[in-house]
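A.B. asks: Let me see the structure of the following:
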Amino acid sequence: MDKNQAFLWFYGSGDLRKITSSVVCVFFILTLLLISAPFHAVHTVPYSESNYTYGFGETAVGSANAVALTKKDLLETIVSQVNETKFKWFDSILANTIGPRPYDLVSNMEAAEFIADELNSTGSIFATYQWFTCADKEIANVIGTLPSADPGNQSKIVVGAHFDTVSDSPGVDDNGSGTALLLEVARVFSRCRFGCAIEFVAFNAEENGLLGSKHYAQQALQSGEDILLVINIDMCIWDNPDAPPNEKIWIVYDGTVPYGDCERFADSTLETGYTYVTAPIQKISSTNDTYVSVKNWLRSDQASFWAQGIPALWIFEFNGFQNPYIHKPADSMDVESYNFTLGAQVARVVTATVAKLANPLIVDFVPPTLWIVSPSVGYKVKSSKLTVTWIGSDAESGIDHYEVKLDEGGWSNIGNNTSYNLTKLDDGSHTVYVKAVDRIGNSIEDSVNFTVDTTVFPLMWAVIIALVPASIVSVAVVYFLRKKKPLTSPHL
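C.D. replies: Here you go, the predicted model:
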């Protein structure tokens, strides 16, 4: 048998055709798998609870729907949220970062913007500017409104403090302390809903004749607003060495009107303070001339409301008229007798008083629960696309919305969806963040890092390019051989 006959016999044999067909099938299967791989890249990852430590928040303290809690329980919970460190930080920003803030300096507007930003950052309180004129200059009060949760009750309580200073004073006590207290009470109340509205008003130009509060009070009277009570905080951290131990803070009320129009609120504040705080406070009438002449009781913003017949109290350190540091550069964070613990006690008294009068309907200081289901931590993605999924819940006020961001990008509000498609991902390491926000404004974040590596695709396509021609040649050979008549094996 010559070489040509052997070749024809070998390639025409039935066994070889079977072998060749098997090889072709393998080529086809590999080719199809490689071609289809991009369309089957894993976009979501199976969830494994064992990969996560949830760190759920503590059991919700509840709201009006938590019937086991009494009103006293709710008030104690609200008061407990006052944070001395945060209160002091607010004051330090006003005094150290912004500094003196008389009505006619740029720093005055910087302070107004800081106050508005802090109020708006709560997510529940909405800040606006109330413009008016002082010495031919347009300046503004800042008004932050926490709406009433009872549509049938649009009356309101006002918590006020002036934020301006004299020209050369950083105003830590006069009146950074009152403004900081206002912001801290607002921060706490932003996680509550009450049976009436609460307004947080930072008055301007108090040092120029109570101009901001006069404008606010006149506008409120003209609009027929129903103001239940105004609490004005002006100077509340000086620990006067002459003060009796139980009288470091005064509640100044209008003693020229009937008891029911003002003094009863001072008594209620005293009772509430003793019940929830045990603060060193006492009431004092605007007719009391033991320490100063009575005209001095008209030197702060509550006087603007007294003039309009609106009930108002002045929270004031014991005989603060004697404070040797106010209206001077010395009114700074360095004063040893400035007692921020005392100021925090005052904040708790104001918090308890207003909350009791406003009637808390919802109290929710517990953030939602949230965990990212997929991808898992450190997952490697072989595609430029990825679907992120998560689970969130809130037993108290309910989830309001979710937000998502990738790496250092901005947050995107995606409503109540619990998944989000990431596209056009670059190769490398990434972190996806998810935030759950409840209807009160509490929020919580979770994040997962993952890696994108699409470099397997060029290699895959190189293999495909090599396999496809080989598969075509194999098919052609099989087709050709099946057309031939099988040869009879020659005798050797």
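A.B. asks: So which bits of stretch 419-433 are buried?
C.D. replies: Neighbour counts over stretch 419-433 (16 or more other C-beta atoms under 10 Å) mark 420, 422, 425, 430, 432-433 as buried. C-betas here are computed from N, CA, C, even on glycine.
A.B. asks: same thing with stretch 122-133?
C.D. replies: Using 16+ other C-beta under 10 Å as the test for burial, stretch 122-133 gives 122-125, 127, 129-130, 132.
A.B. asks: biggest separation within the buried residues of stretch 419-433, which pair?
C.D. replies: Greatest spatial distance among the buried residues of stretch 419-433 (C-beta to C-beta): Leu425 and Tyr433, at 14.9 Å.
A.B. asks: rewinding a little: of all the buried residues of stretch 419-433, which comes closest to Glu336?
C.D. replies: Glu336 lies nearest to Tyr433 out of these, by C-beta to C-beta, at 43.7 Å.
A.B. asks: Does that closest one touch Gly409 like I think?
C.D. replies: No. If you go by C-beta atoms under 8 Å, Tyr433 and Gly409 don't touch, sitting 9.2 Å apart.
A.B. asks: residues in contact with Phe114?
C.D. replies: The neighbours of Phe114, taking C-beta atoms under 8 Å, 6 or more residues apart in numbering as the test, are 93-94, 98.
A.B. asks: now do 7 Å
C.D. replies: By C-beta atoms under 7 Å, 6 or more residues apart in numbering, the contact list for Phe114 reads 93, 98.
A.B. asks: Check which helix or strand Asn141 maps to.
C.D. replies: In this assignment (DSSP states H and E), Asn141 forms part of strand 137-146.
A.B. asks: Now do the buried residues in that strand.
C.D. replies: Using 16+ other C-beta under 10 Å as the burial criterion, the residues of strand 137-146 that qualify are 139-146.
A.B. asks: Pick the one among the residues you listed closest to Gly441.
C.D. replies: Lowest distance from Gly441 to the buried residues of strand 137-146 (C-beta to C-beta) belongs to Leu146, with 10.6 Å.
A.B. asks: ok, what's across the strand from that closest one?
C.D. replies: Assessed by DSSP bridges, Leu146 has beta-bridge partners Ile198.
A.B. asks: okay, now Ile472: neighbour count?
C.D. replies: By other C-beta atoms under 10 Å, the residues close to Ile472 number 12.
A.B. asks: and it, helix, strand or coil?
C.D. replies: Following DSSP: H, G, I helix; E, B strand; the rest coil, the label given to Ile472 is helix.
A.B. asks: Name the nearest residue to Ala307, sequence neighbours excluded.
C.D. replies: Ala217 (7.2 Å; C-beta to C-beta, 6 or more residues apart in numbering).
A.B. asks: Can you name the residues in contact with the helix or strand where the one you found lies?
C.D. replies: Element membership of Ala217, judged by DSSP H and E, is helix 211-223. Residues from elsewhere that reach helix 211-223, judged by C-beta under 7 Å, 6+ apart: 130, 132, 134, 141, 160, 162, 201, 203-206, 227, 301, 304-305, 308, 310.
A.B. asks: hmm, try it at 6 Å
C.D. replies: 132, 134, 141, 203-205, 301, 304-305, 308 (C-beta atoms under 6 Å, 6 or more residues apart in numbering).
A.B. asks: So which of those residues belong to helices?
C.D. replies: The helices, defined by DSSP state H, take in 304-305 from the contacts of helix 211-223.
A.B. asks: With respect to Thr455, which of the contacts of helix 211-223 is nearest?
C.D. replies: Comparing those against Thr455 with C-beta to C-beta places Asn141 closest, at 60.2 Å.
A.B. asks: Now do that closest one against Gln302, distance only.
C.D. replies: Distance from Asn141 to Gln302, counting by C-beta to C-beta, to the nearest Å: 15 Å.
A.B. asks: Tyr129 too?
C.D. replies: 22 Å.
A.B. asks: again with Trp89
C.D. replies: Taken as C-beta to C-beta, the span from Trp89 to Gln302 is 26 Å.
A.B. asks: ok, the buried residues of strand 137-146 vs Ile372, which is closest?
C.D. replies: Nearest to Ile372 out of those is Leu146 (C-beta to C-beta; 32.4 Å).
A.B. asks: you'd agree the closest one is up against Glu199?
C.D. replies: No. Using C-beta atoms under 6 Å as the test, Leu146 is too far from Glu199 to be in contact (7.6 Å).
A.B. asks: what mean pLDDT would you report for stretch 112-119?
C.D. replies: Per-residue pLDDT over stretch 112-119 has a mean of 98.
A.B. asks: Please apply the same query to stretch 399-419.
C.D. replies: 96.
A.B. asks: Can you show me the CA trace of the helix holding Ala217 as CSV?
C.D. replies: The C-alpha trace of helix 211-223 is given here as CSV (Å, rounded to 0.1, in the frame of the first residue of the first chain):
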residue,chain,number,x,y,z
LEU,A,211,-35.0,95.3,65.6
GLY,A,212,-35.3,91.7,64.4
SER,A,213,-37.7,90.6,67.1
LYS,A,214,-39.8,93.8,66.7
HIS,A,215,-40.2,93.1,63.0
TYR,A,216,-41.0,89.4,63.6
ALA,A,217,-43.6,90.2,66.3
GLN,A,218,-45.3,92.9,64.2
GLN,A,219,-45.5,90.7,61.2
ALA,A,220,-47.0,87.9,63.3
LEU,A,221,-49.6,90.2,64.8
GLN,A,222,-50.5,91.6,61.4
SER,A,223,-50.9,88.0,60.0
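A.B. asks: to the chain's geometric centre, what's the distance from that helix?
C.D. replies: 31 Å (C-alpha atoms, centre = their mean, to the nearest Å).
A.B. asks: Neighbouring strands - and their directions - for the next helix or strand along the chain from it?
C.D. replies: Going down the chain from helix 211-223, the next helix or strand is strand 227-233, by DSSP H and E. Sheet pairing of strand 227-233 (DSSP bridges) gives strand 156-162 (parallel), strand 312-317 (parallel).
A.B. asks: nearest to Ile391, of the ones you listed?
C.D. replies: strand 156-162 (38.5 Å).
A.B. asks: Next, the angle strand 137-146 makes with the helix or strand following the closest one.
C.D. replies: Once the chain leaves strand 156-162, the next helix or strand it forms, by DSSP H and E, is helix 178-189. For helix 178-189 against strand 137-146, the angle by axes from the mean of the first three to the mean of the last three C-alpha atoms, to 10 degrees is 30 degrees.
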